[in-house]
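Q: got a structure for you, letters missing:
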């Protein structure tokens, strides 16, 4: 289960990449990330990768990932480590804030919905 958690941080993707490059995925990777809904508390992203496609280093706040398809992913982390995972459609999980570079290493398209929790909303408890 922890392995799946890192994938979404983590759902959505090296020591040689500077932290300044870790940005909003909807700005640096419009091919794979689309904003479906946004208000002052959450932002909902639809994320789609064709087989063998990968993103660029980016970051997300804490979020809930809902996987719409099965998939095989590889997440490259800022420290250069990577995490390989197999995801099942219908899986939903919380993903902590973080930076990553995701890649669909499978032979089929991979799709998920990511509900990012905005920091101001989390602080309002």
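A: All right, it came through fine. Quick caveat: nothing in here was measured; it's all calculated off a predicted structure. Numbering: from 1, shown residues only.
Q: Helices along this protein, start to end?
A: 2-8, 25-28, 119-123 (DSSP state H).
Q: which stretches of this protein have low pLDDT?
A: In the predicted model of the chain, residues 1-22, 121-125 satisfy pLDDT under 70.
Q: Could you pull out the strands in it for me?
A: 33-38, 42-49, 58-60, 63-67, 71-76, 82-87, 92-95, 98-104, 110-117 (DSSP state E).
Q: ok now the shortest one, how far from the chain's centre?
A: From the chain centre to the centre of strand 58-60 is a distance of 7 Å (C-alpha atoms, centre = their mean, to the nearest Å).
Q: could you say what helices and strands that strand packs with?
A: Here strand 58-60 touches helix 25-28, strand 98-104, going by 3 or more C-beta pairs under 8 Å, 6 or more residues apart in numbering; DSSP states H and E. Every residue, glycine included, has its C-beta placed from N, CA and C.
Q: picking up where we left off before, residue 24 is nearest to which of the strands of the chain?
A: strand 58-60 (6.7 Å; C-beta to C-beta).
Q: Mind listing the residues bridging to the residue nearest to residue 82 when sequence neighbours are not counted?
A: Closest residue to residue 82 apart from its sequence neighbours, by C-beta to C-beta, 6 or more residues apart in numbering: residue 76 at 4.9 Å. Beta-bridge partners recorded for residue 76 (DSSP bridges): residue 82, residue 101.
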